[in-house]
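[1] Predicted model, plus sequence, below.
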Amino acid sequence: MKKKNILNLIRYHAEKNDLQFRNEAVDIARYFDSIGDHQLSEYIMSLLSDVNTFVPQNESFESLFFKEIEFNADPLPLPKSIADDIKGIINAVNHHVGINKFLFEGPPGTGKTETVKQVARLLNRKLYMVEFSELIDSKMGQTAKNIVTVFNEINRVPFPSKLVILFDEIDAIALDRVNSNDIREMGRATSTILKELDKLNEDVVLIATTNLFENFDKALIRRFDTVINFNRYDKDDLIEIAEIILNSLLKKFKNSGRDMKIFKKIISNMDEIPNPGELNNLIKVSLAFSDPNNEYDYLRRLLKSTQKNLDDMNLNRLQAMGFTLREIEVLTGISKSQVSRELKGE
(Lines give C-alpha, C1' and ligand atoms only; values in the text may rest on other atoms or scores of the structure.)
Protein backbone atom coordinates (compact mmCIF):
# COMPACT_ATOMS: atom_id res chain seq x y z
CA MET A 1 0.00 0.00 0.00
CA LYS A 2 1.25 3.46 -0.93
CA LYS A 3 0.63 6.94 0.43
CA LYS A 4 -1.41 7.55 -2.71
CA ASN A 5 -4.02 5.02 -1.52
CA ILE A 6 -4.53 6.92 1.75
CA LEU A 7 -4.72 10.25 -0.04
CA ASN A 8 -7.23 8.83 -2.51
CA LEU A 9 -9.41 7.57 0.33
CA ILE A 10 -9.44 11.01 1.94
CA ARG A 11 -10.12 12.75 -1.36
CA TYR A 12 -12.96 10.42 -2.35
CA HIS A 13 -14.51 10.76 1.08
CA ALA A 14 -14.32 14.56 0.88
CA GLU A 15 -15.84 14.48 -2.61
CA LYS A 16 -18.54 12.06 -1.39
CA ASN A 17 -17.55 9.78 -4.25
CA ASP A 18 -18.77 6.53 -2.67
CA LEU A 19 -18.02 4.30 -5.64
CA GLN A 20 -14.37 5.34 -5.96
CA PHE A 21 -13.97 5.27 -2.18
CA ARG A 22 -15.15 1.67 -2.10
CA ASN A 23 -13.01 0.70 -5.08
CA GLU A 24 -9.93 2.16 -3.39
CA ALA A 25 -10.76 0.34 -0.15
CA VAL A 26 -11.15 -2.93 -2.06
CA ASP A 27 -7.74 -2.40 -3.69
CA ILE A 28 -6.20 -1.89 -0.26
CA ALA A 29 -7.89 -5.04 1.04
CA ARG A 30 -6.54 -7.00 -1.92
CA TYR A 31 -3.05 -5.67 -1.25
CA PHE A 32 -3.10 -6.90 2.34
CA ASP A 33 -4.52 -10.23 1.22
CA SER A 34 -1.70 -10.60 -1.33
CA ILE A 35 1.01 -10.13 1.36
CA GLY A 36 -0.61 -12.66 3.66
CA ASP A 37 -2.43 -10.35 6.07
CA HIS A 38 -5.77 -12.05 5.47
CA GLN A 39 -7.26 -10.96 8.77
CA LEU A 40 -6.81 -7.26 8.02
CA SER A 41 -8.10 -7.79 4.49
CA GLU A 42 -11.24 -9.46 5.75
CA TYR A 43 -11.71 -6.74 8.38
CA ILE A 44 -11.58 -4.01 5.72
CA MET A 45 -14.13 -5.90 3.62
CA SER A 46 -16.39 -6.35 6.64
CA LEU A 47 -16.40 -2.57 7.17
CA LEU A 48 -17.79 -2.23 3.67
CA SER A 49 -20.35 -4.99 4.03
CA ASP A 50 -23.25 -2.67 4.80
CA VAL A 51 -22.91 -0.79 1.51
CA ASN A 52 -25.72 -1.64 -0.89
CA THR A 53 -23.86 -1.38 -4.16
CA PHE A 54 -21.24 -3.70 -5.55
CA VAL A 55 -19.21 -4.67 -2.49
CA PRO A 56 -17.84 -8.09 -1.56
CA GLN A 57 -19.50 -9.52 1.54
CA ASN A 58 -17.79 -12.61 2.86
CA GLU A 59 -16.64 -13.27 -0.70
CA SER A 60 -20.09 -12.36 -2.06
CA PHE A 61 -21.34 -9.28 -3.85
CA GLU A 62 -24.44 -7.73 -5.33
CA SER A 63 -25.01 -4.65 -7.47
CA LEU A 64 -27.46 -3.02 -9.83
CA PHE A 65 -26.40 -5.26 -12.69
CA PHE A 66 -25.39 -8.40 -10.75
CA LYS A 67 -27.33 -10.94 -8.77
CA GLU A 68 -26.23 -14.16 -7.13
CA ILE A 69 -27.73 -17.35 -8.56
CA GLU A 70 -28.45 -20.23 -6.23
CA PHE A 71 -28.16 -23.73 -7.64
CA ASN A 72 -28.84 -27.24 -6.38
CA ALA A 73 -26.48 -30.18 -6.42
CA ASP A 74 -28.53 -32.35 -8.78
CA PRO A 75 -26.53 -33.34 -11.87
CA LEU A 76 -27.82 -32.00 -15.16
CA PRO A 77 -28.60 -34.64 -17.81
CA LEU A 78 -26.57 -33.91 -20.94
CA PRO A 79 -25.65 -35.95 -24.01
CA LYS A 80 -22.11 -37.33 -23.90
CA SER A 81 -20.79 -34.93 -26.54
CA ILE A 82 -21.78 -31.86 -24.50
CA ALA A 83 -20.85 -33.47 -21.17
CA ASP A 84 -17.34 -34.12 -22.51
CA ASP A 85 -17.00 -30.44 -23.45
CA ILE A 86 -18.05 -29.41 -19.94
CA LYS A 87 -15.42 -31.74 -18.49
CA GLY A 88 -12.93 -29.96 -20.76
CA ILE A 89 -13.92 -26.59 -19.28
CA ILE A 90 -13.42 -27.86 -15.73
CA ASN A 91 -10.04 -29.33 -16.66
CA ALA A 92 -8.90 -26.14 -18.42
CA VAL A 93 -9.90 -23.86 -15.55
CA ASN A 94 -8.26 -26.09 -12.94
CA HIS A 95 -4.97 -25.98 -14.86
CA HIS A 96 -4.83 -22.14 -14.60
CA VAL A 97 -3.54 -21.57 -18.13
CA GLY A 98 -5.61 -18.46 -18.88
CA ILE A 99 -8.57 -20.25 -20.48
CA ASN A 100 -11.52 -18.63 -18.74
CA LYS A 101 -14.01 -17.25 -21.28
CA PHE A 102 -16.66 -19.53 -22.75
CA LEU A 103 -19.67 -19.05 -25.02
CA PHE A 104 -22.65 -21.43 -24.84
CA GLU A 105 -24.83 -21.27 -27.93
CA GLY A 106 -28.02 -23.05 -28.92
CA PRO A 107 -31.83 -22.73 -29.05
CA PRO A 108 -33.86 -21.97 -25.93
CA GLY A 109 -34.39 -24.94 -23.63
CA THR A 110 -31.20 -26.78 -24.52
CA GLY A 111 -29.76 -26.39 -21.02
CA LYS A 112 -27.24 -23.58 -21.44
CA THR A 113 -28.03 -21.67 -18.25
CA GLU A 114 -28.55 -24.83 -16.19
CA THR A 115 -25.17 -26.08 -17.36
CA VAL A 116 -23.52 -22.86 -16.19
CA LYS A 117 -24.89 -23.61 -12.73
CA GLN A 118 -23.35 -27.07 -12.84
CA VAL A 119 -19.99 -25.63 -13.96
CA ALA A 120 -20.05 -23.35 -10.92
CA ARG A 121 -20.94 -26.32 -8.71
CA LEU A 122 -18.13 -28.49 -10.12
CA LEU A 123 -15.61 -25.67 -9.69
CA ASN A 124 -16.92 -24.94 -6.18
CA ARG A 125 -17.46 -21.28 -7.05
CA LYS A 126 -20.22 -18.75 -6.46
CA LEU A 127 -22.30 -17.85 -9.51
CA TYR A 128 -23.35 -14.30 -10.40
CA MET A 129 -25.46 -13.34 -13.38
CA VAL A 130 -25.41 -10.17 -15.45
CA GLU A 131 -28.63 -9.60 -17.35
CA PHE A 132 -27.48 -7.75 -20.43
CA SER A 133 -30.95 -6.42 -21.13
CA GLU A 134 -30.55 -4.38 -17.92
CA LEU A 135 -27.40 -2.72 -19.26
CA ILE A 136 -29.15 -1.15 -22.23
CA ASP A 137 -29.90 2.53 -21.71
CA SER A 138 -31.70 4.97 -23.98
CA LYS A 139 -29.15 7.70 -23.32
CA MET A 140 -26.44 7.95 -25.96
CA GLY A 141 -23.26 6.25 -24.79
CA GLN A 142 -24.70 5.12 -21.45
CA THR A 143 -24.90 1.46 -22.45
CA ALA A 144 -21.16 1.39 -23.11
CA LYS A 145 -20.53 3.12 -19.78
CA ASN A 146 -22.65 0.49 -18.02
CA ILE A 147 -20.57 -2.25 -19.62
CA VAL A 148 -17.35 -0.62 -18.45
CA THR A 149 -18.80 -0.36 -14.94
CA VAL A 150 -19.65 -4.07 -14.93
CA PHE A 151 -16.17 -5.13 -16.01
CA ASN A 152 -14.51 -2.73 -13.57
CA GLU A 153 -16.49 -4.29 -10.76
CA ILE A 154 -15.59 -7.81 -11.88
CA ASN A 155 -11.89 -6.98 -12.09
CA ARG A 156 -11.89 -5.41 -8.61
CA VAL A 157 -13.35 -8.41 -6.85
CA PRO A 158 -10.94 -9.42 -4.05
CA PHE A 159 -11.51 -13.17 -4.57
CA PRO A 160 -11.73 -13.62 -8.36
CA SER A 161 -10.78 -17.31 -8.30
CA LYS A 162 -13.99 -18.06 -6.41
CA LEU A 163 -16.40 -16.65 -8.98
CA VAL A 164 -18.23 -17.67 -12.15
CA ILE A 165 -19.84 -14.77 -14.01
CA LEU A 166 -22.78 -15.51 -16.31
CA PHE A 167 -23.58 -13.11 -19.13
CA ASP A 168 -27.09 -14.36 -19.77
CA GLU A 169 -28.40 -13.80 -23.31
CA ILE A 170 -25.53 -11.59 -24.30
CA ASP A 171 -27.12 -11.27 -27.75
CA ALA A 172 -29.21 -8.42 -26.31
CA ILE A 173 -26.14 -6.32 -27.06
CA ALA A 174 -23.65 -8.40 -29.00
CA LEU A 175 -25.41 -9.06 -32.30
CA ASP A 176 -23.61 -8.33 -35.53
CA ARG A 177 -22.92 -4.60 -35.58
CA VAL A 178 -23.85 -4.38 -39.27
CA ASN A 179 -27.31 -5.85 -38.66
CA SER A 180 -28.21 -3.87 -35.53
CA ASN A 181 -31.03 -1.35 -35.85
CA ASP A 182 -29.04 1.33 -34.06
CA ILE A 183 -25.67 0.63 -35.67
CA ARG A 184 -23.73 3.41 -33.98
CA GLU A 185 -24.93 2.85 -30.42
CA MET A 186 -24.90 -0.95 -30.46
CA GLY A 187 -21.62 -0.93 -32.35
CA ARG A 188 -20.14 1.20 -29.58
CA ALA A 189 -21.49 -1.25 -26.98
CA THR A 190 -20.07 -4.28 -28.76
CA SER A 191 -16.70 -2.59 -29.25
CA THR A 192 -16.63 -1.84 -25.53
CA ILE A 193 -17.27 -5.50 -24.72
CA LEU A 194 -14.38 -6.49 -27.03
CA LYS A 195 -11.98 -4.19 -25.20
CA GLU A 196 -13.15 -5.19 -21.74
CA LEU A 197 -12.96 -8.93 -22.44
CA ASP A 198 -9.32 -8.46 -23.39
CA LYS A 199 -8.68 -6.97 -19.93
CA LEU A 200 -10.67 -9.51 -17.94
CA ASN A 201 -8.97 -10.95 -14.87
CA GLU A 202 -7.89 -14.47 -15.84
CA ASP A 203 -8.91 -15.85 -12.44
CA VAL A 204 -12.56 -15.08 -13.16
CA VAL A 205 -14.50 -17.68 -15.15
CA LEU A 206 -16.89 -15.92 -17.53
CA ILE A 207 -19.60 -17.78 -19.45
CA ALA A 208 -21.93 -16.09 -21.92
CA THR A 209 -25.05 -17.61 -23.47
CA THR A 210 -26.76 -16.83 -26.77
CA ASN A 211 -29.80 -18.10 -28.64
CA LEU A 212 -28.82 -16.23 -31.82
CA PHE A 213 -25.32 -17.43 -32.63
CA GLU A 214 -25.83 -17.05 -36.40
CA ASN A 215 -26.12 -13.28 -35.94
CA PHE A 216 -23.40 -13.02 -33.31
CA ASP A 217 -20.58 -10.52 -33.89
CA LYS A 218 -17.66 -12.48 -35.37
CA ALA A 219 -15.01 -10.38 -33.63
CA LEU A 220 -16.69 -11.06 -30.32
CA ILE A 221 -16.77 -14.82 -30.95
CA ARG A 222 -12.98 -14.74 -31.26
CA ARG A 223 -12.69 -13.23 -27.77
CA PHE A 224 -13.99 -16.44 -26.21
CA ASP A 225 -11.60 -19.31 -25.63
CA THR A 226 -14.14 -21.83 -26.86
CA VAL A 227 -17.73 -22.01 -28.13
CA ILE A 228 -19.92 -24.94 -27.09
CA ASN A 229 -22.89 -25.86 -29.24
CA PHE A 230 -25.86 -27.12 -27.18
CA ASN A 231 -27.95 -28.12 -30.19
CA ARG A 232 -26.60 -31.68 -30.19
CA TYR A 233 -29.42 -33.81 -28.82
CA ASP A 234 -30.54 -36.84 -30.82
CA LYS A 235 -33.75 -38.78 -30.16
CA ASP A 236 -32.11 -41.31 -27.86
CA ASP A 237 -30.50 -38.49 -25.84
CA LEU A 238 -33.87 -36.80 -25.34
CA ILE A 239 -35.62 -40.03 -24.33
CA GLU A 240 -32.91 -40.73 -21.77
CA ILE A 241 -33.07 -37.17 -20.44
CA ALA A 242 -36.87 -37.38 -20.18
CA GLU A 243 -36.45 -40.52 -18.07
CA ILE A 244 -34.00 -38.76 -15.76
CA ILE A 245 -36.38 -35.79 -15.43
CA LEU A 246 -39.31 -38.06 -14.57
CA ASN A 247 -37.36 -40.03 -11.97
CA SER A 248 -36.32 -36.78 -10.32
CA LEU A 249 -39.87 -35.36 -10.28
CA LEU A 250 -41.44 -38.58 -8.99
CA LYS A 251 -39.57 -38.04 -5.73
CA LYS A 252 -41.87 -35.06 -5.13
CA PHE A 253 -45.09 -36.77 -6.29
CA LYS A 254 -45.37 -39.72 -3.92
CA ASN A 255 -48.81 -40.78 -5.15
CA SER A 256 -47.68 -41.23 -8.74
CA GLY A 257 -46.59 -44.62 -10.04
CA ARG A 258 -43.54 -45.42 -12.10
CA ASP A 259 -43.98 -47.22 -15.41
CA MET A 260 -40.98 -46.34 -17.51
CA LYS A 261 -41.97 -48.54 -20.47
CA ILE A 262 -45.20 -46.62 -21.01
CA PHE A 263 -43.49 -43.31 -20.37
CA LYS A 264 -40.71 -43.96 -22.91
CA LYS A 265 -43.26 -45.05 -25.53
CA ILE A 266 -45.17 -41.80 -25.00
CA ILE A 267 -42.01 -39.76 -25.50
CA SER A 268 -40.88 -41.88 -28.47
CA ASN A 269 -44.23 -41.38 -30.22
CA MET A 270 -43.95 -37.59 -30.22
CA ASP A 271 -43.64 -36.13 -33.71
CA GLU A 272 -40.69 -34.09 -32.49
CA ILE A 273 -39.29 -34.47 -29.00
CA PRO A 274 -38.66 -30.96 -27.62
CA ASN A 275 -35.49 -29.73 -25.95
CA PRO A 276 -34.93 -30.55 -22.25
CA GLY A 277 -36.39 -27.28 -20.98
CA GLU A 278 -39.76 -27.86 -22.64
CA LEU A 279 -39.63 -31.57 -21.82
CA ASN A 280 -39.22 -30.76 -18.16
CA ASN A 281 -42.23 -28.45 -18.26
CA LEU A 282 -44.44 -31.00 -20.06
CA ILE A 283 -43.67 -33.74 -17.55
CA LYS A 284 -43.96 -31.44 -14.55
CA VAL A 285 -47.37 -30.09 -15.63
CA SER A 286 -48.68 -33.61 -16.30
CA LEU A 287 -47.71 -34.67 -12.79
CA ALA A 288 -48.93 -31.50 -11.11
CA PHE A 289 -52.42 -31.68 -12.67
CA SER A 290 -52.88 -35.42 -12.33
CA ASP A 291 -55.55 -37.08 -10.18
CA PRO A 292 -53.88 -37.97 -6.85
CA ASN A 293 -56.17 -41.00 -6.62
CA ASN A 294 -54.94 -42.39 -9.94
CA GLU A 295 -51.24 -43.18 -9.85
CA TYR A 296 -50.91 -43.27 -13.64
CA ASP A 297 -53.18 -40.36 -14.53
CA TYR A 298 -50.10 -38.26 -15.32
CA LEU A 299 -49.18 -40.70 -18.12
CA ARG A 300 -52.62 -40.28 -19.69
CA ARG A 301 -52.31 -36.50 -19.42
CA LEU A 302 -48.81 -36.54 -20.88
CA LEU A 303 -49.97 -38.69 -23.80
CA LYS A 304 -52.89 -36.40 -24.60
CA SER A 305 -50.72 -33.29 -24.34
CA THR A 306 -48.12 -34.70 -26.75
CA GLN A 307 -50.46 -36.22 -29.36
CA LYS A 308 -52.72 -34.16 -31.56
CA ASN A 309 -56.32 -35.24 -32.08
CA LEU A 310 -56.16 -38.20 -29.72
CA ASP A 311 -59.92 -38.37 -29.22
CA ASP A 312 -60.96 -40.19 -26.05
CA MET A 313 -57.88 -42.41 -26.09
CA ASN A 314 -58.71 -44.21 -29.39
CA LEU A 315 -57.77 -47.84 -28.77
CA ASN A 316 -56.78 -48.66 -32.35
CA ARG A 317 -54.50 -45.68 -32.47
CA LEU A 318 -52.92 -46.63 -29.14
CA GLN A 319 -52.28 -50.12 -30.46
CA ALA A 320 -50.73 -48.69 -33.64
CA MET A 321 -48.42 -46.60 -31.45
CA GLY A 322 -47.05 -49.81 -29.96
CA PHE A 323 -48.85 -49.96 -26.63
CA THR A 324 -49.66 -53.44 -25.31
CA LEU A 325 -53.05 -54.45 -23.93
CA ARG A 326 -51.76 -54.02 -20.39
CA GLU A 327 -50.39 -50.57 -21.19
CA ILE A 328 -53.65 -49.52 -22.84
CA GLU A 329 -55.45 -50.69 -19.71
CA VAL A 330 -53.19 -48.44 -17.59
CA LEU A 331 -53.72 -45.45 -19.88
CA THR A 332 -57.48 -45.79 -20.31
CA GLY A 333 -58.70 -47.58 -17.21
CA ILE A 334 -60.42 -50.15 -19.43
CA SER A 335 -59.76 -53.79 -18.56
CA LYS A 336 -57.52 -55.83 -20.86
CA SER A 337 -60.33 -58.17 -21.76
CA GLN A 338 -62.59 -55.31 -22.78
CA VAL A 339 -59.75 -53.65 -24.70
CA SER A 340 -59.17 -56.93 -26.54
CA ARG A 341 -62.87 -57.28 -27.44
CA GLU A 342 -63.14 -53.70 -28.68
CA LEU A 343 -60.01 -54.03 -30.80
CA LYS A 344 -61.49 -57.16 -32.35
CA GLY A 345 -64.69 -55.26 -33.01
CA GLU A 346 -66.77 -57.41 -30.69
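    Yep, that arrived. Residues are numbered from 1 along each chain as shown.
[2] rest of the way, CA atoms for contacts and neighbours
    Fine.
[3] ok, the nearest residue to M129 once chain neighbours are set aside - contacts?
    Excluding its sequence neighbours, the residue lying closest to M129 (CA to CA, 6 or more residues apart in numbering) is L166, at 4.5 Å. By CA atoms under 8 Å, 6 or more residues apart in numbering, the contact set of L166 is 116, 127-130, 206-209.
[4] which one of these sits closest to R258?
    V116 (30.4 Å; CA to CA).
[5] The closest one reaches I207, doesn't it?
    Yes - with contact defined as CA atoms under 8 Å, V116 counts as touching I207 (7.2 Å).
[6] all strands for the protein, in order.
    66-68, 101-105, 126-131, 163-168, 205-210, 226-229 (DSSP state E).
[7] what is the rounded mean pLDDT of the fourth one?
    Right, the one you point to is strand 163-168. Taken as a whole, strand 163-168 has a mean pLDDT of 92.
[8] Likewise for the second one?
    Taken as a whole, strand 101-105 has a mean pLDDT of 96.
[9] which residues touch it?
    112, 205-213, 221, 223-231.
[10] Check the spacing between the closest residue to I136 other than its chain neighbours and I239 real quick.
    With CA to CA, 6+ apart as the measure, T143 is the residue that lies nearest to I136, at 5.0 Å, once sequence neighbours are left out. When distance is defined by CA to CA, to the nearest Å, T143 is 43 Å away from I239.
[11] Repeat that for F167.
    Counting by CA to CA, the gap from F167 to I239 is 30 Å.
[12] Next: Y296.
    The value you get for Y296 to I239, if CA to CA is used, is 19 Å.
[13] Please apply the same query to N281.
    In terms of CA to CA, N281 sits 15 Å off from I239.
[14] And for N5?
    Distance from N5 to I239, by CA to CA: 60 Å.
[15] Ok, N17 next?
    57 Å.
[16] More neighbours: which of the two?
    A direct count of neighbours by other CA atoms under 10 Å for N17 and I239 places I239 higher, at 21 against 12.
[17] isn't the more buried one right up against M270?
    No - between I239 and M270 there is no contact under CA under 8 Å: 10.5 Å.
[18] what sits in contact with each of these two?
    What both I239 and M270 touch, as defined by CA under 8 Å, 6+ apart, is an empty set.
[19] which residue is nearest the centroid of the chain?
    T113 (1.3 Å; CA atoms, centre = their mean).
[20] List the residues that contact it.
    168, 209.
[21] Local confidence estimate at it?
    Value for T113, per-residue pLDDT: 91.
[22] Could you chop this protein up by domain?
    Recorded structural domains for the chain (assignment: automatic domain parsing) are 3-47, 66-229, 235-343.
[23] Quick one: mean pLDDT for the shortest one?
    Domain 3-47 carries an average pLDDT of 77.
[24] okay, how far is it across it, tip to tip?
    Domain 3-47 end-to-end distance (CA to CA) = 21 Å.
[25] Just give me how far that domain sits from the chain centre.
    34 Å (CA atoms, centre = their mean, to the nearest Å).
[26] So for V204, what's the pLDDT?
    93.
[27] so it sits right up against I99, yeah?
    No - applying CA under 8 Å as the test, V204 and I99 come out as separate, 9.8 Å apart.
[28] Give me the more crowded residue out of the two.
    Ranked by neighbour count (other CA under 10 Å), V204 and I99 place V204 first, with 23 against 20.
[29] Which residue comes closest to that one once chain neighbours are left out?
    Using CA to CA, 6+ apart, the closest residue to V204 is P160 (5.1 Å).
[30] The one you found: how many residues sit nearby?
    Neighbours of P160 (other CA under 10 Å): 18.
[31] mind checking how far it is from P79?
    P160 is 31 Å from P79, by CA to CA.
[32] go on, L318?
    30 Å.
[33] E243 too?
    Taken as CA to CA, the span from E243 to P79 is 13 Å.
[34] same check, this time on K117
    17 Å.
[35] out of these two, which sits in the more crowded spot?
    Neighbours per residue, other CA under 10 Å: of K117 and P79, the larger number sits with K117, 24 against 17.
[36] follow-up on the earlier one: now distance to F289 too, for the strands of the chain, in TSV please.
    Formatted as TSV, the strands of the chain follow (distance: least, CA to CA, whole Å):
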stretch	distance to F289
strand 66-68	32
strand 101-105	33
strand 126-131	33
strand 163-168	31
strand 205-210	33
strand 226-229	34
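[37] Out of these, the one nearest L343 is which?
    Among those, strand 226-229 sits nearest to L343 (CA to CA), with 46.6 Å.
[38] What is the closest one packed up against?
    helix 80-94, strand 101-105 (3 or more CA pairs under 8 Å, 6 or more residues apart in numbering; DSSP states H and E).
[39] mind listing what's buried in stretch 327-344?
    327-332, 336, 339-340 (16 or more other CA atoms under 10 Å).
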